[in-house]
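>>> Please work out how this folds:
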Amino acid sequence: MLEKNESPTMAERDVARSFRAAFAGTVITPEDSRYDAARAVWNGTVDARPALIAQCHAAEDVVAAVNLVRTAGCPLSVRAGGHSVAGFSVCDDGVVVDLSLMRGVTVDADARTATVEPGATWADFDKATAVHGLASTGGLISTTGVAGLTLGGGIGWLQRKYGLSCDNLIAADVVTADGEVVHASGSKHPELLWGLRGGGGNFGVVTRFVFALHSVSTVLGGLMLFPLDRGKPVLSAFRDWAAGLPDEASMLAAIITAPPEPFVPSDLTGQKVVAILGCWCGDLATGVAALEPLRRLAPSANVFGPMPYTALQGMLDGGAQKGLRNYFRGGYIGDLDDEVIDVALDHGTRMPSPMSQIHFHQMGGAVRRVARDATAFSGRTSGYTYNLASTWTEPGEDARQIAANRELAAALAPMSAGGAYVNFLTEAGGDRVRAAYGDVLYDRLARLKREYDPANLFSRNQNVRPAR
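Numbers count the residues shown, from 1 in each chain. Sure thing, here's the model as predicted:
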């Protein structure tokens, strides 16, 4: 690894020389004053030092970068939004193909589609589509990249009504490992499109996404907070209530630390609480009536109300700032049963960081109605997807925070339904990726990997090894 006071190796100088000769984008090397800012990613635990960062301005730059890296034989990582919790957006001693400057979003309101460049965030996407009263399922944090979220599946506030992000991906242009540009759609290379819908960045660099859009403007959104000592009855009541919700509602139950916000009572601020968050995308009066059982539980704080969908998309951004240290584990469960609730509440009281959270994302609705083999997403039939999100600030706390997360993950494992949402996996390697997808999906992905990337050039991801 090249430190600031070291000179580049001969191999690194050769790579830089080849890029400067044949790459039309921006080349950043360790001696460049822009280097530290360009290599920094969302997860503060990641501190990789690439030999070169190739900032692309157009699809042609991506083709050139892939060809140059393949010829050089050095490590390659692809940075889009840079939000990968596992740190796949950057690598040591290799080349980062940086797409962050390619952020264009073009909306065809008549066709109800959006064409999106790979560096766009969901804030970019939503800003462009909201002008037309349209949207598609994005994440829960607006700074998340469109590319990474979609390729991993795409859980978001609209999922129960309109499906996951990947369900709304209808076409894509992909630069493959041999430098070819392949257009994937329902009629051209449909198996590649299948793999892009949840199979991650295993098959190439996507330079253009095309999404289906839906009528979305004002939604009913927000959150309610309850003291943690009421957690068991509140979460039990939430589970029973959520089981009967229509597709218009996408809900999230969480254990968090109450933030120092004006709407939070002073005696609750800084205390562990149960939070119920959600989005009602439909008739607002019907949504208000649907929330009445939760209001009867007498939350200590309640800020559910009508809001622009874009406001809901940015509601949680403050707790997911760039540079914080993060470690995630996740999985699927059939339901939020009493045993799951007991484990979550027990560990919730002992989370060592006030920024750490336990999330249970309600699935079902449109997500479940998509056939299990229609995309590479593995959690179609689950009742909930859980994310154990440990977040802290001090490097000296790494071991303690990660150990607490792993302890909770181990406690929930016996109740899990198998598989995992790959966007919530901090650790890769071994059999974790196969276990996340399950054997059937993984083997199909491996065959597709063999076709488009037999040498595994694109390995900095939740990696699927090419089938033999």
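
>>> Endpoints of stretch 354-364, how far apart?
One end of stretch 354-364 sits 30 Å from the other (CA to CA, to the nearest Å).

>>> again with stretch 347-361
18 Å.

>>> Let me know whether my guess that Ala371 is in a strand holds.
No: counting by DSSP: H, G, I helix; E, B strand; the rest coil, Ala371 is not found in a strand; it is coil.

>>> show me what contacts it?
Arg380 (CB atoms under 8 Å, 6 or more residues apart in numbering). For glycine as for every other residue, the C-beta is placed from the backbone atoms N, C-alpha and C.

>>> Please report the distance of it from Arg380.
According to CB to CB, to the nearest Å, Ala371 and Arg380 sit 8 Å apart.

>>> Likewise for Asp47?
Using CB to CB, Asp47 is found at 36 Å from Arg380.

>>> If you count surrounding residues, which of these two has more?
Arg380 (19 against 14; other CB atoms under 10 Å).

>>> Now do the same contact list for that one.
Taking CB under 8 Å, 6+ apart, we find Arg380 in contact with Val367, Arg368, Val370, Ala371, Arg372.

>>> where does the fourth one fall, phi/psi-wise?
Note on Ala371: backbone dihedrals following degrees, to the nearest 10 are phi -60, psi 140.

>>> and Gly186, what does it touch?
Shown in contact with Gly186 (CB under 8 Å, 6+ apart): Ile170, Ala171, Leu193.

>>> and the contacts of Arg380, which are buried?
Among the contacts of Arg380, those scoring as buried are Val367, Arg368, Val370 (criterion: 16 or more other CB atoms under 10 Å).

>>> Please give the element, helix or strand, for the first one.
Think Val367. helix 366-369 (DSSP states H and E).

>>> Need the residues that contact the helix or strand following that helix.
Downstream of helix 366-369, the first helix or strand assigned by DSSP H and E is strand 384-392. By CB under 8 Å, 6+ apart, the list of residues contacting strand 384-392 from outside reads 155, 319-320, 324-333, 335-336, 351-353, 355-363, 379, 398, 401-402, 404-405, 408-409, 412, 421, 424.

>>> Give me the pLDDT for Lys4.
Lys4 is assigned 45 on the pLDDT scale.

>>> could you pull out the helices for the stretch 51-200 of the chain?
Remark: helices assigned in the stretch 51-200 of the chain by DSSP state H, counting those that start in this stretch are 59-72, 122-130, 146-152, 159-162, 190-196.

>>> Deepest in the core, which of the ones you listed is it.
Neighbour counts (mean count of other CB atoms under 10 Å) averaged over each of the helices of the stretch 51-200 of the chain peak at helix 146-152, with a mean of 29.

>>> Other residues contacting that one?
For helix 146-152, using CB under 8 Å, 6+ apart, the contacting residues are 80-81, 83-84, 89, 99, 116, 118-122, 124-125, 138-139, 156, 165-166, 169, 196-201, 206, 209, 421-423, 462.

>>> give me phi/psi at Val440?
According to degrees, to the nearest 10, Val440 has phi -70, psi -50.

>>> ok, which stretches of the stretch 301-450 of the chain are helices?
Assigned by DSSP H, counting those that start in this stretch, the helices in the stretch 301-450 of the chain fall at 309-313, 338-348, 366-369, 398-412, 432-437, 439-452.

>>> Just name the most buried of those.
Of the helices of the stretch 301-450 of the chain, helix 309-313 is the most buried (mean count of other CB under 10 Å), at a mean of 22.

>>> who touches it?
For helix 309-313, using CB under 8 Å, 6+ apart, the contacting residues are 122-123, 126-127, 130, 135, 138, 140, 142, 157, 216-219, 221-222, 279, 281.

>>> List the contacts of Asp342.
Residues near Asp342 by CB under 8 Å, 6+ apart: Lys232.

>>> Quick check: the nearest residue to Cys91 once chain neighbours are set aside vs Ala301, distance?
Counting by CB to CB, 6 or more residues apart in numbering, Cys91 lies nearest to Ser77, which is 4.0 Å off, once chain neighbours are set aside. From Ser77 over to Ala301 the distance is 41 Å, taken as CB to CB.

>>> In terms of neighbours, single out the busier of those two.
Neighbour count, other CB under 10 Å: between Ser77 and Ala301, Ser77 has more, with 26 against 19.

>>> pLDDT at Ala40, what is it?
pLDDT, Ala40: 97.

>>> Repeat that for Gly429.
pLDDT recorded at Gly429 is 71.

>>> Identify the residue spatially nearest to it, adjacent ones excluded.
In space, Gly429 is closest to Asn463, 7.9 Å off (CB to CB, 6+ apart).

>>> Around Pro395, count how many other residues there are.
Pro395, neighbours per other CB under 10 Å, totals 11.

>>> Next, the contact list for it, please.
Shown in contact with Pro395 (CB under 8 Å, 6+ apart): Thr45, Arg325.

>>> check contacts around the closest residue to Trp392 other than its chain neighbours.
Excluding its sequence neighbours, the residue lying closest to Trp392 (CB to CB, 6+ apart) is Ser353, at 4.2 Å. Contacts for Ser353 were tallied using CB under 8 Å, 6+ apart; they are Ser390, Thr391, Trp392, Glu397, Gln401.

>>> one step back: reformat the buried ones among the contacts of Arg380 as CSV; add distance to Ala177 and pLDDT.
Converted to CSV, the buried ones among the contacts of Arg380 look like this (distance: CB to CB, whole Å; pLDDT from 0 to 100):
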residue, distance to Ala177, pLDDT
Val367, 31, 98
Arg368, 34, 97
Val370, 29, 96
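
>>> Tell me the one among the residues you listed nearest to Asn456.
Checking the buried ones among the contacts of Arg380 against Asn456 by CB to CB gives Val370 as the nearest, at 28.7 Å.
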